[in-house]
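>>> Whatever this is, show me its structure:
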Amino acid sequence: MKPLFLNILLILALSSCYNPDSSQSIRDLNGLAGEWESYEGVVFNENWRVVNKRLLEGEGFSLNGSDTAFFESLNISKVGDSIYYQVFFGDDPGSVDFLLIDATKNSWTFINPDNEFPQKIYYKLESDSILNVTVSDMEVNKKQFFYLKKIR
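As a prediction, the model looks like this:
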């Protein structure tokens, strides 16, 4: 076989074996940092900031003109060996928590089977500037897609 072909096979084999621990996953999640806005489909924006090595803070929102039509505060935090995606609404001090159950270098699946909807949140960084988010029920019968591009 040609050396280039062997190198490609080796890269593919190694990349398919990527199984990050929670410390590596939270570092990989830092790729979400920035301001994201929809470029297709549902009009929605997300902003993320890295607070420290265990916490990202953000917000998700929809605008109607210059008015905010929907707003939620978001955290992704490492607690012990687990990572949680947390959603906070309004003045309610509680959160809806989703556990990270699957991760690669650029995709993450969070679940909360007890939540009415969504029960599953899937983030996929397609590139440094394209982020796709899918929210669904556990069986993926009901789902909604968000196509975001990085603006800052």
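>>> so where do the helices sit in this protein?
3-16, 22-29 (DSSP state H).
>>> quick one: Leu56 and Ala33 touch, right?
Yes. Using Cβ atoms under 8 Å, Leu56 is in contact with Ala33, at 7.0 Å. Where you see a C-beta, it was placed from the backbone N, CA and C, and this is true even at glycine.
>>> Would you mind finding the longest strand in this protein?
For the chain, the longest strand by residue count, based on DSSP state E, is strand 67-79.
>>> what comes into contact with it?
The set of residues external to strand 67-79 that reach it, using Cβ atoms under 8 Å, 6 or more residues apart in numbering, is 22-23, 26, 29, 32, 44, 46, 48, 53-63, 83-89, 95.
>>> Among those, name the buried ones.
22, 26, 29, 32, 44, 46, 48, 56-58, 60, 83-88, 95 (16 or more other Cβ atoms under 10 Å).
>>> Of those, which belong to strands?
Using DSSP E, those in strands are 46, 48, 56-58, 60, 83-88.
>>> and which of those is nearest to Leu148?
Glu46 (6.4 Å; Cβ to Cβ).
>>> Identify the residue nearest the geometric centre of this protein.
Nearest to the geometric centre of the chain sits Tyr123, at 3.6 Å (Cα atoms, centre = their mean).
>>> which residues touch Ser95?
Listed by Cβ under 8 Å, 6+ apart, the contact partners of Ser95 are 75, 86-88.
>>> Apologies, that question was intended for Gly41.
By Cβ under 8 Å, 6+ apart, the contact set of Gly41 is 145-147.
>>> out of the residues you listed, which is most surrounded?
Neighbour counts for the contacts of Gly41, by other Cβ atoms under 10 Å, peak at Phe146, which reaches 20 neighbours.
>>> quick one: pLDDT of that residue?
Phe146 carries a pLDDT value of 95.
>>> Quick one: residues contacting it.
Contacts of Phe146 by Cβ under 8 Å, 6+ apart are 38, 41-42, 44, 132-135.
>>> Switch these over to TSV; also include pLDDT and distance to Leu100.
Listed next are those as TSV, based on pLDDT from 0 to 100; distance: Cβ to Cβ, whole Å:
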residue	pLDDT	distance to Leu100
Ser38	95	24
Gly41	87	25
Val42	86	23
Phe44	93	21
Asn132	97	17
Val133	97	14
Thr134	96	15
Val135	96	15
